[in-house]
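# coordinates only, sequence not included:
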């Protein structure tokens, strides 16, 4: 339910987590809304990684990790554009 935020500060990464209900404690409406917003933000990213896995573009990637990060970000942007335009 959690993931690292997209901050460029490598020394202090931001961890974003959702709220979890228990049997004894139900979620407040604001907590449910926060979980919904978090899930909506995670969906395009998870879909992008699924596309990358299906394309198998990273199986033979032999480059510096910093360049791979830039490549991944560019591919996720393109995937997001593809998903929003519906092509």
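Yep, that arrived. Remember, it's a predicted structure, so these values are computed and weren't measured experimentally. Residues are numbered from 1 along each chain as shown.

# residue 36 and residue 76, how far apart?
Distance check for residue 36 against residue 76: by C-beta to C-beta, to the nearest Å, it reads 22 Å. Just so you know, the C-beta spots here come from the backbone N, C-alpha and C atoms, and that holds for glycine as well.

# give the closest residue to residue 79 in space, chain neighbours not counted.
residue 48 (4.5 Å; C-beta to C-beta, 6 or more residues apart in numbering).

# which SSE is the one you found in?
In this structure, residue 48 sits in helix 29-55 according to DSSP states H and E.

# buried stuff in that helix?
34, 35, 38, 48, 51 (16 or more other C-beta atoms under 10 Å).

# which of these sits closest to residue 67?
residue 48 (18.1 Å; C-beta to C-beta).

# quick check, pLDDT for the closest one.
Looking at residue 48, its pLDDT reads 75.

# now swap in residue 75 and tell me
pLDDT, residue 75: 77.

# and for residue 25?
Residue 25 is given a pLDDT of 94.

# residue nearest the centroid of this structure?
Nearest to the mean C-alpha position of the chain, by C-alpha atoms, centre = their mean, lies residue 45 at 3.6 Å.
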